[in-house]
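Colleague: Make a model of this:
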Amino acid sequence: MLLRIDTTSSQDSTVLAAAGEIDIDTVDLLRTAVADTLQAGTRNLVVDLNQVSYIDSAGLGVLVGTYKRVTGADGAFTVRCCEPRVLRLFAITGLTDLLDIDDTVPVALAVSEDLDPAVAV
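Modeller: A predicted model of the protein is given here:
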């Protein structure tokens, strides 16, 4: 699966919501989205990885670089992620100690997981 990044901005905050896989073939999309967002003046950045099924070392490198760039400019950087495989990778690499990771399950996902697929319409 390829990578799609949706951007939502309000005043000095931006959410980059990624969906798909972040790997060597798609990481430039994330890198460019981050660079464009920061160049536009965003001080508070959230990268939402709730719909990301896979991230490799190139993607982790972009997140660490983004963290350094945003916090170095006195901004706030948060990674949203409730995907267990991605969270496990953050834990193994020690990024849970560096990054502000919001691992709460979004309401929409929690509700959809509670639905019985045979009954859902």
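Colleague: Where is the longest strand in the protein?
Modeller: Looking across the chain with DSSP state E, the single longest strand is strand 44-55.
Colleague: In this protein, where's the longest helix?
Modeller: helix 57-72 (DSSP state H).
Colleague: Downstream of the helix or strand where Ala91 lies, the next helix or strand is which one?
Modeller: According to DSSP states H and E, Ala91 maps onto helix 84-93. Per DSSP H and E, the first helix or strand lying C-terminal to helix 84-93 is helix 95-98.
Colleague: Name the residues that touch that following helix?
Modeller: Applying Cβ atoms under 8 Å, 6 or more residues apart in numbering, the contact partners of helix 95-98 are 60, 63-64, 67, 87, 89-90, 101. Any C-beta I mention is one placed from the backbone N, CA and C, and that applies to glycine too.
Colleague: wait, isn't Asp74 in contact with Arg43?
Modeller: Yes: look at Asp74 against Arg43 with Cβ atoms under 8 Å: they come within range, at 7.5 Å.
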